[in-house]
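curious how this folds, go ahead:
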Amino acid sequence: MSAEWGAVLLFAFVAGGAGLAGVWLMFRHEPWARAHTAELITFASGILVAGSLLYLMPEASGMIGPAAAMSWTLSAFVVLYVAENHFLPHPHTRDDHPEHRGNTGIAVVLGLALHSILDGVAVGAGFSTSLVTGGVIVSLVVAHKLPVGIASMGALYHSGESAARAARYSVFVALLTPLAVLVSYVLMKGASEQVLGAVVAAAGGSFLYVGAADLLPEGQATGLRRNTVIFLLGVGIIVLMLVLGVEPT
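So this is what the prediction gives:
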């Protein structure tokens, strides 16, 4: 097995493991998980927004040109917005609509499955582009998988599913990510720069949507000033990576 394949396998399961960690925390330590999910979500949003803007979009622009890259980024953003707001809801830690409980379980599973598959495809495309790009995308996936795992477990449990069934669904969804990583890496390893650039740009749009439209409002809903600092910390980590020379190829 080549060193590159070894790295892909390792990071594929790291990405899936972050989601499993969130499921485990919610299953075994629900009070702690609920008390700290807002901070985790806000931190993840800072990493996703900064990583999309400072890494993935410049990388895609260098591969297929700024106009094409921005078009794919916007397309992914719009598609996720429409899908999530009209077809496949994304779970939240707050229960803004308790009257919908008991009717959202399957829709939540499908929505989470879509996100997990897209995360995996993004990682696979990233490693097909370069180890640096793949590593950056893995960091973006890991950052939001932990709080999303907590939120998904809670959403399923409180939609009427038993704790055991909610855990099984959440584990299944988490494992879709490493599977999608491996499949997409195999399919895209020999892809043209135009194809890889389009996928990286679309990944940037999807992460930007999740970070800015999904997670950030959720994390800031508590109104705590420390969450602003936590968001800036997430942004700062991505900026620090650039300062230290971890740059898009």
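
let me know the pLDDT of the residue sitting nearest the centre point of the chain.
The residue lying closest to the centre of the chain (C-alpha atoms, centre = their mean) is Val141, at 4.2 Å. You'll see Val141 listed with a pLDDT of 87.

where do the strands sit along this structure?
Using DSSP state E, the chain contains no strands.

what are the boundaries of the helices in it?
For the chain, the helices defined by DSSP state H occupy 3-28, 30-51, 57-64, 66-86, 105-129, 131-158, 163-188, 193-208, 216-220, 225-243.

what about Leu240, neighbour count?
Around Leu240 there are 10 other residues, counting by other C-beta atoms under 10 Å. All C-beta spots, glycine's among them, are computed from the backbone N, C-alpha and C.

could you do the one 4 residues further on as well?
Neighbour count of Leu244, defined by other C-beta under 10 Å: 8.

and for Arg225?
If you count neighbours by other C-beta under 10 Å, Arg225 ends up with 8.

against Leu232, how distant is it?
11 Å (C-beta to C-beta, to the nearest Å).

ok, the residue nearest to Leu224 when sequence neighbours are not counted to Ser45 distance?
Nearest residue to Leu224, sequence neighbours excluded (C-beta to C-beta, 6 or more residues apart in numbering): Ala38, at 7.3 Å. For Ala38, the distance to Ser45 equals 11 Å [C-beta to C-beta].

which neighbours do those two share?
Taking C-beta atoms under 8 Å, 6 or more residues apart in numbering as the criterion, Ala38 and Ser45 both touch Gly219.

who's more crowded, those two?
Shown here are Ala38 and Ser45; by other C-beta under 10 Å, Ser45 has more neighbours (29 against 23).

any idea how far Gly211 is from that one?
4 Å.

shared neighbours, the two?
Common neighbours of Ser45 and Gly211 are listed as His144 (criterion: C-beta under 8 Å, 6+ apart).

so which of the helices of the chain is the most surrounded?
Most buried of these by mean neighbour count (mean count of other C-beta atoms under 10 Å) is helix 131-158; its value is a mean of 25.

which other helices and strands contact it?
helix 3-28, helix 30-51, helix 105-129, helix 163-188, helix 193-208 (3 or more C-beta pairs under 8 Å, 6 or more residues apart in numbering; DSSP states H and E).

show me the one of those helices that comes nearest Leu240.
In terms of C-beta to C-beta, the element of those nearest to Leu240 is helix 30-51, at 10.2 Å.

what residues are up against the closest residue to Ala125 other than its chain neighbours?
Sequence neighbours aside, Val199 is the residue nearest to Ala125 in space, at 4.0 Å (criterion: C-beta to C-beta, 6+ apart). Neighbour list for Val199: Val121, Ala122, Ala125, Met188 [criterion: C-beta under 8 Å, 6+ apart].
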